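Asks: curious how this folds, go ahead:
(2 chains)
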Amino acid sequence: MQIFDTMTRRKTAFVPRTPGEVSMYVCGPTVYDVPHLGHGRTALTYDIIRRYLEWAGFDVTLASNVTDIDDKIVERAQREGRTEADVATEFTAAYDAQMERLGVLPPDSRPHATHFIRQMIEVISELLSMGAAYEVAGKGVYFAVDSAPRYGQLAGRTLSQLNADAGSRVDVDPDKRSPLDFALWKAARPGEPRWDTPWGEGRPGWHTECVAMSLSALGPGFDIHGGGDDLVFPHHQNEWAQVTAAGEAFARYWVHSAMVNVGSEKMAKSLGNYTQLADAIDAAGARAVRLLVLQTHYRRAMEMGQDALDAARSAVGRLDAFARRAAAAGISPQRWAAVRRPDIESGAAVGLDVEAARAFGAAMDDDFATPAALDVVFRLVRRANAALDASRDSAARDVATALHLLGVLGIKTGDAGEEAAAADGLTDVEVEALLEERATARAARDFSIADRIRDELAAGGIVVSDNPDGATWHRV
RNA sequence: GGCGGAGUGGCCGAGUGGUUAGGCAGCGGCCUGCAAAGCCGUGUACGCCGGUUCGAAUCCGGUCUCCGCCUCCA
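Replies: Here you go, the predicted structure:
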């Protein structure tokens, strides 16, 4: 398996810290507002990687944090006259709710920054004691970037290059020894939340929390550190600097997912051009969002406009129709739900297409090439449909394999998938009754009545399909 | 200004030397009472200009345009 490592900027053979196990840490959201499409893409990217690694036979441990104390949370709380904890709680819930809709599996641990103050103080104390950090009275504690000799590598730049640019866009704080030094701890200002430390009251700087939380959850030298591309510099660079200065081992591989664009411009809250994740899911469905993410390689910027979402929704509809055919043919992918690649390779899982599974695995092994993996799946779907048309014996195997692989990517298919709006409109019993009426009319070749019933059902969101052995229906 | 990435058929989006990516939409056909679903066929795409090569979207040089990071950001 090859993974593109941001640190070295090349695809590298993936060798985990412990054979058969993968530990990953993914930087989660700062909860000061509702999640947007970008949060969705990033979360889905790592959810897909995680699911794939598990299918591939690894025992995966995923930690993903919530930053629940930060300048923006403080600002919002003060603006709205409530507590920071209140703001954080509201938007953590908002984030979790959308993650659940998207089918993003909960991480094994979801550390909150405010629960790791003690560990952060330990990290900072150590850095202070070894001279890698320094106090500035009344302002806080800063990390001295010179204590991490290869500072800048993650960003693909050298310390001197970075120094030359510093201050070109932002004024340099004169209290810092070097313009690149960053705050580990911010001294308390009136009205802000605060914690007591050996160097006075205050609150943590952003870059230390992930150090404390990732190492607490996963231990030194964990395998994968992920997050959005925009975190490479300075956030991840600064995490790395702290751990390196302390002489510890940090992430073995750095993975970064690309941004979501709107009109070919980065979508960001700071640019005010963002689409709320909830809105996109409402409009196109959670699976369309996931499919769209899968259709673009994770390291490429992607456009997530209305047209693209609509197209993805149509594709999901096709997969659902396929799953319905499968169910009608009595093929249930449930039987293979717990199957993993080693089971297929070893021949222990009978009834699946080994070659297709291999092609799928080969694609994913190449830096998680989900577009190529999807290619394998869609070709298989076509072949399976053709086999179903022809009543070929191979149909069951192809159908089961296609649905199984979709499941690996986290795409549920069939009416159980989601969104099937059962609540309003006709009940199943009513639909069945109407269909019986229609069957009678059709048998009598009274197609005007049959078509009228079909139209009525369609108006109620029920699509009817006539097949040689009777009619089937589903909700849209 | 520095560093990095990208320009592919109507749209999204893979693809690093030669065989069909895939999805969505369109068109033709099969099937169907008509549909739906499905299958088959269909598009001679690779920003521009040169070059290397028997052969380039894919390599080299040049050029134009766009985007990201350098500041909080998934």
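Asks: which residue comes closest to residue A:271 once chain neighbours are left out?
Replies: residue A:265 (7.2 Å; CB to CB, 6 or more residues apart in numbering). C-beta here means a position set from N, CA and C on the backbone, and glycine is covered the same way.
Asks: can you count the residues close to that neighbour?
Replies: 11 (other CB atoms under 10 Å).
Asks: okay but it is in contact with residue A:272, surely?
Replies: No. Contact criterion CB atoms under 8 Å: residue A:265 and residue A:272 do not qualify, at 11.1 Å.
Asks: could you give the number of residues near residue A:466?
Replies: Using other CB under 10 Å, residue A:466 is surrounded by 13 other residues.
Asks: what separates it from residue A:449, distance-wise?
Replies: 14 Å (CB to CB, to the nearest Å).
Asks: and the stretch 351-476 of chain A, which residues reach RNA strand B?
Replies: Counting by CB under 7 Å from any atom of the strand, the stretch 351-476 of chain A comes close to RNA strand B at A:369, A:371-372, A:374-375, A:378-379, A:381-382, A:385-386, A:388-389, A:442, A:447, A:450-451, A:454, A:463-467.
Asks: how about 6 Å then?
Replies: Within reach of RNA strand B by CB under 6 Å from any atom of the strand, the stretch 351-476 of chain A has these residues: A:369, A:371-372, A:374-375, A:378-379, A:382, A:385-386, A:389, A:442, A:447, A:450-451, A:463-466.
Asks: so which of the residues you listed are in helices?
Replies: Among those, the residues falling in helices (DSSP state H) are A:371-372, A:374-375, A:378-379, A:382, A:385-386, A:389, A:442, A:447, A:450-451.
Asks: quick check, residue A:472 in a strand?
Replies: Yes. Counting by DSSP: H, G, I helix; E, B strand; the rest coil, residue A:472 is found in a strand.
Asks: quick one: pLDDT of it?
Replies: In this model, residue A:472 is scored at 86, pLDDT.
Asks: what about it, how many neighbours?
Replies: 15.
Asks: residues contacting residue A:221?
Replies: Each residue near residue A:221 by CB atoms under 8 Å, 6 or more residues apart in numbering is listed here: A:17, A:249, A:250, A:252.
Asks: going by neighbour count, which of those are buried?
Replies: For the contacts of residue A:221, a burial check counting by 16 or more other CB atoms under 10 Å picks out A:17, A:250, A:252.
Asks: who's in contact with residue A:228?
Replies: Per CB under 8 Å, 6+ apart, neighbours of residue A:228: A:27, A:38, A:42, A:256, A:257, A:259.
Asks: that should have said residue A:413, apologies.
Replies: A:319, A:320, A:322, A:323, A:333, A:403, A:406 are the contacts of residue A:413 under CB under 8 Å, 6+ apart.
Asks: let me know the closest of these to RNA strand B.
Replies: Proximity of these to RNA strand B (CB to the nearest atom of the strand) peaks at residue A:322, which lies at 6.2 Å.
Asks: surely the closest one touches residue A:385?
Replies: Yes. With contact defined as CB under 8 Å, residue A:322 counts as touching residue A:385 (6.5 Å).
Asks: just give me the longest helix of chain A.
Replies: The residue-count maximum for a helix in chain A (DSSP H) belongs to helix A:306-328.
Asks: any residue of that helix touching RNA strand B?
Replies: Yes. If you take CB under 6 Å from any atom of the strand as the test, helix A:306-328 does meet RNA strand B, through A:307, A:308, A:311, A:314, A:315, A:318, A:321, A:325.
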